[in-house]
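Enquirer: the amino acid sequence is not available; the structure is as follows:
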């Protein structure tokens, strides 16, 4: 089992950058595929980015591809989301999520695939 805690959210102007971090407890973090999702007010939770357990494979939503970068440090039990060229439509609560995958290299884009979720961190982009 793993517990996830996000940090790094805040208020930024359009065109700016933020880096979100997600700290995971537990000793088996390297056995988890990780993902970032976001939920804007009044909208459904949507996929942002995913990374395989080793970090060797990543995948992004079309809306953030080329602007956001997901990475992980298994030695420090953290997964990060570097967000550049932020737009007002990126405003949302951002959640990190984890799914135990054993020794596979899979990653997942659907929220229902993930077993563990953080509490979320607010990102607000002003125009």
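Expert: In hand now; what should we look at? Model, not experiment: these values are computed from the prediction.
Enquirer: the most centrally placed residue in the chain and residue 103, how far apart?
Expert: The residue lying closest to the centre of the chain (C-alpha atoms, centre = their mean) is residue 36, at 2.3 Å. According to C-beta to C-beta, to the nearest Å, residue 36 stands 23 Å off from residue 103. Where you see a C-beta, it was placed from the backbone N, CA and C, and this is true even at glycine.
Enquirer: next one: residue 18
Expert: The gap separating residue 18 from residue 103 is 33 Å, by C-beta to C-beta.
Enquirer: same question for stretch 19-28, mean pLDDT?
Expert: Mean pLDDT, stretch 19-28: 91.
Enquirer: quick one: terminal-to-terminal distance for it?
Expert: End-to-end distance for stretch 19-28, by C-alpha to C-alpha, to the nearest Å: 24 Å.
Enquirer: quick one on the thing from earlier: higher neighbour count, residue 18 and residue 103?
Expert: A direct count of neighbours by other C-beta atoms under 10 Å for residue 18 and residue 103 places residue 18 higher, at 21 against 8.
Enquirer: quick check, that one in contact with residue 121.
Expert: No - if you go by C-beta atoms under 8 Å, residue 18 and residue 121 don't touch, sitting 9.5 Å apart.
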